[in-house]
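**Student:** A predicted structure for the sequence below; I have some questions about it.
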Amino acid sequence: MITHPGPPLIGVAADVKELDGYTWHTVIDLYLTAVVTGSEAIPVVVPALGQDIDVDHLLQRLDGIVLPGARSNVHPDAYGAAADGRTEPHDPSRDAMTLPLARAALRH
């Protein structure tokens, strides 16, 4: 992660929601407000676009990341378990973004 003049840039991972025939990448206001008020940083919403975003490059541009909680759970395939109704809902797009982002953040 880099240092630059001005307030820090903090990436906040988005969920994917389907509404009115559109796909939305969303973050609850609570998390964005927490970044602004808690760290005087600028939140940057990171869309759940998975492999379309180079997470290493993204982390080089940000000063930090927030991987907020969500109503969805990580799909059991991600950790070698079988899916069943008790683990729903799932957000595969979110998993495809946040899991590689978390792994990359650990390397940085």
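**Tutor:** Happy to help now that I have it.
**Student:** who touches the nearest residue to His90 once chain neighbours are set aside in this structure?
**Tutor:** Among residues not flanking His90 along the chain, His75 sits closest, at 4.5 Å (Cβ to Cβ, 6 or more residues apart in numbering). The C-beta positions use only the backbone N, C-alpha and C, and glycine is treated the same way. His75 makes contacts with 83, 87, 90, 92, 95, as judged by Cβ atoms under 8 Å, 6 or more residues apart in numbering.
**Student:** measure His75 to Leu32 for me?
**Tutor:** As for His75, its distance to Leu32 is 26 Å (criterion: Cβ to Cβ, to the nearest Å).
**Student:** Same question for Ile53.
**Tutor:** 19 Å.
**Student:** Next: Arg86.
**Tutor:** 31 Å.
**Student:** and these two? which has more neighbours close in?
**Tutor:** Leu32 (18 against 7; other Cβ atoms under 10 Å).
**Student:** Wasn't that one part of a helix?
**Tutor:** Yes - Leu32 sits within a helix when classified using DSSP: H, G, I helix; E, B strand; the rest coil.
**Student:** quick one: average pLDDT of the lengthiest helix in the chain?
**Tutor:** Longest helix of the chain, by residue count under DSSP state H: helix 92-107. Across helix 92-107, pLDDT averages out at 86.
**Student:** So which bits of that helix are buried?
**Tutor:** For helix 92-107, the neighbour count (16 or more other Cβ atoms under 10 Å) marks 93-101, 104-105 as buried.
**Student:** Could you save these as JSON lines and add columns showing distance to Pro68?
**Tutor:** Shown next, in JSON lines, are the buried residues of helix 92-107 (distance: Cβ to Cβ, whole Å):
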{"residue": "Ser93", "distance to Pro68": "15"}
{"residue": "Arg94", "distance to Pro68": "10"}
{"residue": "Asp95", "distance to Pro68": "14"}
{"residue": "Ala96", "distance to Pro68": "16"}
{"residue": "Met97", "distance to Pro68": "12"}
{"residue": "Thr98", "distance to Pro68": "9"}
{"residue": "Leu99", "distance to Pro68": "14"}
{"residue": "Pro100", "distance to Pro68": "17"}
{"residue": "Leu101", "distance to Pro68": "12"}
{"residue": "Ala104", "distance to Pro68": "17"}
{"residue": "Ala105", "distance to Pro68": "14"}
